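[1] Got a predicted structure plus its sequence, pasted below:
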Amino acid sequence: MKTVGLVLLGALAGLFAAGLILLAASPPRGEAVVLLPLPSPVPLVVDVRGEVLRPGVYQFPPGSRLEDAIQAAGGFTLKAVRTEMNLAALLLDGQQIIVPAQSSGRVIGDPNPGSDAPALPGELININTATLEELDSLPGIGPVLAQSIIDYRTDNGDFLALEEIMNVSGIGQATFDAMQGLITVGE
């Protein structure tokens, strides 16, 4: 009886070993997990113009500041109005930065339209009374968008808050951020 028990035990051990071999040799079931590389951050593309040494389009990593864009463009020229710029502002993809000149010959924020007196440096443009040329001087605003601002205020009345200019078709958050420190709605 002892031999019969040993034979049964040997047979069970053999079956167990055969099962392990079959399990190890069988192809894996299910789908393999594929690990993808981490996405690389998309660079910010910024257009730097105006009173800089090398105007142009530059790429920056996310989190870059206006100071980085000015440095990439070679720094300010001697005619640049540096006090008008917030160098700590974060850059936005597609942003256009225009560094203003000290004496551009344009009347900005003139309280008496039609007057030939030049504006004082740092004077704000009143978006409720500005001419097409004054609005066109703002960053991100061309003649077509300047006319849209005039048409909007003609149809809807004066802007009561700066943010209302974003109601004009074509002016989004990035454009508003670029001109926010240069405009006013008056008193």
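    Nice, I can see it.
[2] For residue 6, what is the enclosing helix or strand?
    For residue 6, the enclosing helix or strand under DSSP states H and E is helix 2-25.
[3] Show me which residues of that helix are buried.
    Burial within helix 2-25, assessed by neighbour count using 16 or more other Cβ atoms under 10 Å, is assigned to no residue. The way it works is simple: take the backbone N, C-alpha and C, and place the C-beta from them, glycine included.
[4] helices or strands up against the helix or strand following it?
    Proceeding N to C from helix 2-25, the next assigned helix or strand is strand 44-50, under DSSP H and E. In terms of contact count using 3 or more Cβ pairs under 8 Å, 6 or more residues apart in numbering; DSSP states H and E, strand 44-50 is assigned the packing partners strand 56-60, helix 66-72, strand 96-99.
[5] Identify the residues contacting residue 135.
    125, 127, 141, 145, 146, 149, 150 (Cβ atoms under 8 Å, 6 or more residues apart in numbering).
[6] Identify, from these, the entry nearest to residue 174.
    Ranking the contacts of residue 135 by separation from residue 174, with Cβ to Cβ as the measure, puts residue 141 on top at 12.2 Å.
[7] these two touch, right, that closest one and residue 147?
    No - Residue 141 sits out of contact with residue 147 when judged by Cβ atoms under 8 Å, with a separation of 10.0 Å.
[8] more crowded one of those two?
    Each of residue 141 and residue 147 has its neighbours counted (other Cβ atoms under 10 Å); residue 141 has more, 26 against 13.
[9] my guess is the more buried one is in a helix, correct?
    No - with DSSP: H, G, I helix; E, B strand; the rest coil as the criterion, residue 141 is located in coil rather than a helix.
[10] just to revisit the earlier point, closest to residue 33 out of the helices and strands packed on strand 44-50?
    Minimum separation from residue 33 across the helices and strands packed on strand 44-50 (Cβ to Cβ) falls at strand 56-60, 34.2 Å.
[11] what helices or strands is the closest one leaning on?
    For strand 56-60, where contacts count as 3+ Cβ pairs under 8 Å, 6+ apart, the packed elements are strand 44-50, helix 66-72.
[12] wait, which of these is closest to residue 85?
    Smallest distance to residue 85 across those (Cβ to Cβ): 6.3 Å, for helix 66-72.
[13] Alpha carbons only: can I get that closest one in PDB?
    The C-alpha trace of helix 66-72 is given here as PDB (Å, rounded to 0.1, in the frame of the first residue of the first chain):
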ATOM      1  CA  LEU A  66       7.800  89.500 -21.000                       C
ATOM      2  CA  GLU A  67      11.300  90.200 -19.800                       C
ATOM      3  CA  ASP A  68      12.400  87.000 -21.600                       C
ATOM      4  CA  ALA A  69      10.800  88.200 -24.900                       C
ATOM      5  CA  ILE A  70      12.500  91.600 -24.700                       C
ATOM      6  CA  GLN A  71      15.900  90.000 -24.000                       C
ATOM      7  CA  ALA A  72      15.400  87.500 -26.900                       C
END
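[14] Kind regards, and thank you for your time.
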